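Enquirer: Below are the sequence and a predicted model; questions follow.
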Amino acid sequence: MLGRMADRDRALTAPESGPTAEELLTQVGRGDREAFGELYEATAARVFGLVRRLVVDPAQAEEVTQDVYLEIWQSAPRFDAARGNALAWMFTLAHRRSVDRIRASQASRDRDLRVGVRDLEVPVDTVAEAVEIRVEHERVVDALVGLSELQRECVSLAYYGGLTQSEIADRLEVPLGTVKTRLRDGMIRLRTALGVTT
């Protein structure tokens, strides 16, 4: 197989078979459409083969190959034969375009998966949830009964009324430190009554 590939490479670069890939690419760099056609005919199967091995999906591989040849047409003036042969340069462009397409496809799949997971409606047992909330509410009410009246008042204003400690102190006309103590002691008793461990 390597022998056949070497023969094809020689065919593209041998002077007796017409212009070399480097010569064709130089002519393409000057805008020669016929040279571009010859270069395409001589190299398209190999470029497509490389792209197809990387991209896998035949339709996308065709699109990437088309993009590669568009890039070859546009960037041929920058090709420098002193830095490497034409096929290696073209294969580098094809490899880069293929990797870009693979990454874009993977990013698209990841994005679709994230959106799908986000939009997936998980069935909720509303009856069980309502029962659980009611049971928890009854446990909290029972635990609040075990607090002193002053502690219950501070906890209720903080958690049900949404007031800050300073606002509670102002409303009850007691020092801020007293409110903090009542809240702390009330919360300790609630945790104990509800069996909450920290």
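Expert: Happy to help now that I have it.

Enquirer: What is the neighbour count of residue 139?
Expert: 13 (other Cβ atoms under 10 Å). C-beta here means a position set from N, CA and C on the backbone, and glycine is covered the same way.

Enquirer: Which residues does whichever strand or helix holds it contact?
Expert: If you go by DSSP states H and E, residue 139 is part of helix 126-145. Applying Cβ atoms under 8 Å, 6 or more residues apart in numbering, the contact partners of helix 126-145 are 152, 155, 156, 189, 190, 193, 194.

Enquirer: and that helix, how far from the chain's centre?
Expert: 41 Å (Cα atoms, centre = their mean, to the nearest Å).

Enquirer: In contact with residue 102: list those residues for me.
Expert: 54, 55.

Enquirer: Per-residue confidence, it, what does it come out as?
Expert: If you check residue 102, the pLDDT there is 90.

Enquirer: Could you check how far it is from residue 129?
Expert: Remark: distance between residue 102 and residue 129 (Cβ to Cβ, to the nearest Å) = 44 Å.

Enquirer: hmm, back to that, just the buried residues out of the contacts of helix 126-145, in ChimeraX syntax.
Expert: A single ChimeraX command selects the buried members of those (16 or more other Cβ atoms under 10 Å):
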select :152,155,189,190,193
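
Enquirer: Specify which member of the contacts of helix 126-145 is nearest to residue 118.
Expert: residue 194 (33.9 Å; Cβ to Cβ).

Enquirer: Distance of the closest residue in space to the closest one that isn't next to it in sequence relative to residue 137?
Expert: Distances taken as Cβ to Cβ, 6 or more residues apart in numbering put residue 143 closest to residue 194, at 5.4 Å, once the chain neighbours are dropped. Per Cβ to Cβ, residue 143 is found 11 Å from residue 137.

Enquirer: The two: which has the busier surroundings?
Expert: residue 143 (20 against 10).

Enquirer: what's the burial count for residue 56?
Expert: Per other Cβ under 10 Å, the neighbour tally for residue 56 reads 12.

Enquirer: next one: residue 98
Expert: By other Cβ under 10 Å, neighbour count at residue 98 equals 23.

Enquirer: Now it. Nearest residue, chain neighbours left out?
Expert: Per Cβ to Cβ, 6+ apart, closest to residue 98 is residue 54, 3.9 Å.
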